[in-house]
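In: Next comes the sequence, and after it the predicted model I'd like to discuss.
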Amino acid sequence: MQLEAMDRELMCSGHVGCPGCGATIAMRFMLKALGEKTVMVLPACCWSVIAGPFPQSSLKIPVIHTAFETGGATASGVRAALDMRGDEETTVITWAGDGGTFDIGFQALSGAVERNENFIYICYDNEAYMNTGIQRSSSTPYGAWTTTTSGSDWKKLRKKNIVEALVAHRIPYAATANIAYPEDLVRKVKKAKDVKGSRFLHIYASCPTGWRIPSEMSIKIARMAVQTNIFPLYEVENGVNYTINVKPREYLVREYFKLQGRFRHLSEEDLDQIQAMVNEDWELLLRKAGEHA
Amino acid sequence: MKKVLEGSQAVAEAVRLAKVQVISAYPITPQTHIVELLSDYVTTGKMNAKYLRVESEHSCMAALIGAQSAGVRTFTATCSQGLALMHELLHWASGARLPIVMGEVNRALAPGWNIWSDQTDSLAQRDTGWMQIYCEDSQEVLDSTIMAYRLAERVNLPAMVVLDAFFLSHTYEPVDVPEQEEVDRFLPPYNPVFILDPKHPYSLSPLVTPNAYLEMRHDIALAMEDALAIFDEVEGEFARILGRRYGMVEEIDCDDADIVFVTSGTVTSTARLALEELRARGEKVGALKIKLFRPFPVEAVRRVLGKARKVIVVDRNFSFGASGIFAQEVRAALCNSPGHPPVFGYIAGLGGRDITTQMLSNIYFEVKKSEAPRRESVWVGLQEVNRAT
Amino acid sequence: METPTALQNILYMPRTSTTTESNKTGSWRFLRPRYEEKTSPCSVACPAGEDIARIEMLITQGAFKEAWETILLENPLPGVCGRVCYHPCEGRCNRREFDAAVAIHTMERFLADAAARNETKPALPLQPATGRRIAIIGSGPAGLSAAWFLNILGYETEIFEAMPAAGGMLRWGIPAYRLPEAVLNAEIARIEAQGVRIRTGEAVSATRFEEMLKSYDALFIGCGYWRDRPLDIPGAAGPGVEDGISFLREIRGGVKRDVPGVSAVIGGGNTAIDVARSIVRRGGKAVIVYRRRREDMPAFTEEVQSAGEEGVEIRELLAPVRIDAAGGDCVLTLQPMAIAGQDRDGRGKIVAAADAPVMITVQRIFTATGAGAAAPWHTPPVPGAPEAIRGLSHCVLVQDDRGAPVVYGGDLTTADKNVTQAIASGKQAALALDILFRHGAGAMRDRLASCLVGGGPSLSLEIYLNGPRRERNAHIVAYEEINADYFQYEPRVVQPRLLIEERHSSFDEIDLKISAHTAMREAGRCFNCGICNGCDNCYLFCPDVSILRSRDMTDRHIDYDYCKGCGLCVVECPRNAMTLDEEGTP
């Protein structure tokens, strides 16, 4: 496929991401789309480690590592400073995991986007606290095993819908993206770059280690997430205008679940229930987009 | 130009004169006047700055860490709960070697909710690598805030300028507000040593393994040591241009004093009055005002207190399970000086209760007739309470 | 912004100054990916072993000349095959299981037509002259093919053709509406332009044959089946009964003969269909009478279908019993047949049904029930005990003390009698002779085996010449090994055709040409099974930036210093052009 993005790499080899790491694939595409006039705020997440130990960096843009909760707030400060220095070209982004976005970082994120701070907040979502050893977050999907939702205590709560939560803030641009759809991801990053105000991207990033899947299945599983309507690809402008980007072929949810070790314990009844939940969410999204099932 | 200003205003004026470029603010009584004034300055164009109305104090400090790292001079103000909330990031700011300056209004920590003067909040942050400067009056607040930028930017460590809740923050006093041109001569524009810049990309605050962390921490320790000498240099420069200096400590009548009070903040003003009265009665009493708490002026303290026969430390704070914090620091400074005087620790005025000249006088006489402290800390003015309800 | 102060060198703080590239994560690997092209099922099914996956890729890229040359390296007659081949390639195309097979046949024709239109001259890897001379008897597809490949291999070739123009069945047996004369002429002209000498109007007698055994270094006999086999029933020699192939030859020779009324055509092969459809165009109605069922007819399915569209009636399970003359007409008596079990070749075994015979009256009868070799010396000896006779899959090679080695090919030897099999036999003959001369008879089996496409039976000249195709793994890519996620449903091209009414009135070609744009789009449907088309999925999805591309983007290689062996490249290669081995496998 041809990416409408630069060939030059802003990410290096030699990083310690797990083999098949979806977060690194997401970063690579995002950087190609944004280019080198970018400053990254990097709160605690897998990428804090993947970015390399002192004195090494695996990224060729300026990065400020920050504390876990601070993704939205630190970016607000960086943006203000760059503006005061007369630099309005450099894009400020926050690159955070799901923990630092959905949970501990949610306040700062909500605050920043409520102020319509001029930055792009990108959450790459591997659906648990992977960096610390696969503990559950509010992004962990219904049905998943994690080290803190193990055995019969598998997560029986829905995944928090972060995009809708932020859409409720009426931000200029919010979108989901997925590493198995690079052209769509790049398009959305570039589109976000040209919008002023708070922009939010939610990128699905497979985690072979945490999801108990073979490393070579990272992209395939990511693609199935879209094809089963579990992770729909859509955009919302100004909190009001919904556009669904991909209407998949009908794939059953259970095909997606059966490929992942973290869902191995689910019974057929559980999977039926999950299918019903996914259908319900999808229909809700269709209604918001002014479409019908 | 001399004006009658509230302490909060003095802070705001200093921030304006220092040409701060990014301000973050979250309101908490009694800091609110500071941030309201600064908001007004920015809106009316008296200041050319970005003002971030963040959603918590933790985010306040996070925003400044981001802004300072991107190469501009920053400011925030807080107190009590807000400062406590920032705790994690106070460590971060110093570890990241960022010369952030913060106005810290000494206010009691909850529970129960108490908005009045108490030093425990700022002193509880004494390990965070921030320089701490305690002020006695509004002039000192203004001058210290301006000087704090120069000091911080020279050693690459953050600094907090501490003022008592209400006693300073909300009290009007005459203050000589310098001209912009004078301050410009004293305080050059911020020239960052490192910066977030796509033209020279690198990462700040990455993962650091045991084989490098120790040396980085040591560098901070060295910077704190340097700060002692540089503090004097900075005050010297300020004095040359603006005609005022304070010293990291101030000796008040200590030369022939048998007993020396150690005070900080507005308590020092009260002590000055008490000293007048006691000296008038022939008592050989002095006071040592501690202005610079971090880095702690060990040499100065040893030098001055070494001459005394007894030392009284008045702490408007307490470290539970230990003692008043200034007392701890003084004892630590003196412990290796042979033949050092005993240190009598007094705890008074927590939660904004008045510390009167009478109290100080009583303390003095109690100490005068005691050979040694009867306990580690003596709490002053404890009242009978009804425990039944 | 001022430059940083000297203090920068003094602060020891958490700030980076180098990259992670000193960390060679290749040491993590326990699986190792590599680029490994494999064999596409279409190229295996193609009797000429054409490198179809690559051809389609080149068309998609707009490299029509290179695609055409890729065909010519394995098949000298793409303009012909693109019209008359039964395209077994499409029958094995993996895309069938996704939506519909790629129209490979149409693509081949497009390339040949484009080359002809642009008068393109092909650049082929002509081998140095060997100094040997080879005579080829018969200029049908087998002879043309043998001459073409021998010429490439460095042999001086001469074709002897009895008829006044070259082409064999291509010219005299296949009607113009399937294979226009101009197309055939262009193909033959190109073969001659390469250096093959064709001597038309020169029949070779048995005597001349014996002489040639002494004067040439080798002979190829591709004379085909030019003796028609008449019906063996009463009245078969009577008036109104004609041989179908002669009829076709007549039309090709330019005779404008009308055949009004109803004509019966007896037979079920392509010739029967060709005769019937020619009748339609000469103003008559045709009824095909076949003794087995429609599905048993050896004629190409599309031919049968086209015949039906044009109004040809097919009457099945009727065997001719006798022919009687009646006025100017023929009365054909037919015995109804029934199916009783299966024949050895899988077709229904027929026995006479209990029904009474039927009789039909027609104006004339054409027979098209098969043919045979025109002369005894055309017939190859049966492969068997004598050492001197080698039965190859498509030819027979005889080497004895009479003189030069002789290879028999084409319809004389192939199991299935059609153009593409004939071409395959010509190629096999050429390779066999080249091996014989260079390495001796003993090397023939192994050397031929090493050129098989995907295990055979088709051979590849490119592999024989040690081209890049030799590196390919013979594993045939199955549909399950294609990552179909990268393809969208897209309807197969529908080649425009003449309307039925238009077809009746002339011998003009029925399938019309397609545009380059259409060709590129259709070729774009090809999965390119097993070969790399430069889609760059491997490069894009590598989490470790360990797939590097050459400056001009044509070459990709894996940086094993950093590759962690995650295997994503292999899985996301849509066409199985990569392989994952265990680390440490040599």
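Out: That came through, no problem.

In: what does stretch B:373-384 contact?
Out: Stretch B:373-384 has contacts (C-beta atoms under 8 Å, 6 or more residues apart in numbering or on different chains) with B:315, B:318, B:322-324, B:327, B:342-349, B:353, B:355, B:359, B:362-363. Using the backbone N, CA and C atoms, a C-beta is placed for each residue, glycine as well.

In: Mind exporting the C-alpha coordinates of it to CSV?
Out: The C-alpha atoms that make up stretch B:373-384 are tabulated as CSV, following Å, rounded to 0.1, in the frame of the first residue of the first chain:
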residue,chain,number,x,y,z
PRO,B,373,14.6,21.7,77.5
ARG,B,374,12.1,19.7,79.5
ARG,B,375,10.9,18.1,76.3
GLU,B,376,11.7,18.0,72.7
SER,B,377,8.8,20.3,71.7
VAL,B,378,6.7,22.5,74.0
TRP,B,379,3.3,23.3,72.6
VAL,B,380,2.3,26.9,73.4
GLY,B,381,-1.2,28.1,74.3
LEU,B,382,-2.8,24.7,74.5
GLN,B,383,-6.4,25.2,75.7
GLU,B,384,-8.7,22.8,77.6
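
In: so what's the closest residue to C:S460 other than its chain neighbours up against?
Out: Closest residue to C:S460 apart from its sequence neighbours, by C-beta to C-beta, 6 or more residues apart in numbering or on different chains: C:G49 at 4.5 Å. Taking C-beta under 8 Å, 6+ apart, we find C:G49 in contact with C:S43, C:E74, C:A424, C:K427, C:V453, C:S458, C:L459, C:S460.

In: can we see that at 7 Å?
Out: C:S43, C:E74, C:V453, C:S458, C:L459, C:S460 (C-beta atoms under 7 Å, 6 or more residues apart in numbering or on different chains).

In: Secondary structure class of C:M444, three-state.
Out: Under DSSP: H, G, I helix; E, B strand; the rest coil, C:M444 falls in the helix class.

In: Leaving out sequence neighbours, find the closest residue to it.
Out: Of all residues not flanking C:M444 in the chain, C:I435 sits nearest, at 5.1 Å (C-beta to C-beta, 6+ apart).

In: In contact with the one you found, which residues?
Out: Here C:I435 is in contact with C:A443, C:M444, C:R447, C:L448 (C-beta under 7 Å, 6+ apart).

In: change it to 6 Å
Out: By C-beta atoms under 6 Å, 6 or more residues apart in numbering or on different chains, the contact set of C:I435 is C:A443, C:M444, C:R447.

In: Pull out the buried members of those.
Out: The neighbour count (16 or more other C-beta atoms under 10 Å in any protein chain shown) marks C:M444, C:R447 as buried among the contacts of C:I435.

In: which among the contacts of C:I435 gets closest to C:I279?
Out: C:M444 (46.3 Å; C-beta to C-beta).

In: C:V280 is in contact with C:G308, isn't it?
Out: No. Contact between C:V280 and C:G308 fails when scored by C-beta atoms under 6 Å: they sit 11.1 Å apart.

In: quick one, which of these two is more surrounded?
Out: Counted by other C-beta atoms under 10 Å in any protein chain shown, C:V280 and C:G308 do not tie: C:V280 has more neighbours, with 22 against 14.

In: hmm, back to that, mark which of the contacts of stretch B:373-384 are part of strands, please.
Out: Among these, the ones falling in strands (DSSP state E) are B:D315, B:V343, B:F344, B:G345, B:Y346, B:I347.

In: Can you say which two of these are spatially most distant?
Out: Based on C-beta to C-beta, the longest span within those runs between B:V343 and B:I347 and measures 13.3 Å.

In: between these two, which one's more packed in?
Out: B:V343 (26 against 21).

In: Who does that one form a beta bridge with?
Out: B:V343 has these beta-bridge partners by DSSP bridges: B:V311.

In: List the contacts of it.
Out: B:V343 makes contact with B:V311, B:V330, B:R331, according to C-beta under 6 Å, 6+ apart.

In: For chain A, what's the nearest residue on chain C?
Out: Closest to chain A within chain C is C:G567: 3.1 Å, counting by C-beta to the nearest C-beta.

In: what pLDDT does the closest residue to that residue other than its chain neighbours get?
Out: Spatial nearest neighbour of C:G567, excluding adjacent residues (C-beta to C-beta, 6+ apart): A:E216 at 3.1 Å. Note on A:E216: pLDDT of 97.

In: For A:E216, give its distance to C:C532.
Out: A:E216 sits 18 Å away from C:C532, taking C-beta to C-beta, to the nearest Å as the criterion.

In: Return the helix or strand in chain A with minimum mean pLDDT.
Out: Within chain A, confidence by mean pLDDT, DSSP states H and E is lowest for helix A:253-258 among all helices and strands, at a mean of 93.

In: packing partners for that one?
Out: helix A:268-288 (3 or more C-beta pairs under 6 Å, 6 or more residues apart in numbering or on different chains; DSSP states H and E).

In: Show me what counts as buried in the helix it packs on.
Out: A:D270, A:L271, A:I274, A:Q275, A:M277, A:V278, A:D281, A:W282, A:L285, A:L286, A:K288.

In: just how off-centre is that helix within its chain?
Out: How far helix A:268-288 lies from its chain's middle: 21 Å, per C-alpha atoms, centre = their mean, to the nearest Å.

In: ok, now stretch A:122-134?
Out: 9 Å.

In: Any part of that stretch near chain B?
Out: No. Applying C-beta under 6 Å from any C-beta of the partner chain, one finds stretch A:122-134 separated from chain B by no less than 10.9 Å.

In: pLDDT on that stretch, on average?
Out: Rounded mean pLDDT across stretch A:122-134 is 95.

In: Point out the residues in the stretch 101-250 of chain B that sit beside chain A.
Out: Contact residues (C-beta under 6 Å from any C-beta) of the stretch 101-250 of chain B with chain A: B:L196, B:D197, B:P198, B:P201, B:S203, B:L204, B:S205, B:P206, B:L207, B:V208, B:T209, B:A212.

In: So the first one: helix, strand or coil?
Out: The one in question is B:L196. Secondary structure state of B:L196, per three-state DSSP, is coil.

In: how close does it get to A:A112?
Out: Distance check for B:L196 against A:A112: by C-beta to C-beta, it reads 17 Å.

In: So for these two, which sits in the more crowded spot?
Out: Legend: neighbour count by other C-beta under 10 Å for B:L196 and A:A112, higher for A:A112 (31 against 28).

In: chain center to the top helix by length along chain B, what's the gap?
Out: Counting by DSSP state H, the longest helix found in chain B is helix B:210-242. Helix B:210-242 sits 16 Å away from the centroid of its parent chain (C-alpha atoms, centre = their mean).

In: Which positions in it come out as buried?
Out: So, applying 16+ other C-beta under 10 Å, buried residues of helix B:210-242: B:212, B:216, B:219-220, B:223-224, B:227-228, B:230-231, B:234-235, B:237-238, B:242.

In: Report pLDDT for residue 64.
Out: You didn't say which chain, so I picked chain A. We have a pLDDT of 98 for A:I64.

In: my bad, chain C
Out: On pLDDT, C:F64 comes in at 97.

In: likewise C:W377?
Out: pLDDT for C:W377: 85.

In: I appreciate the help and will end here.
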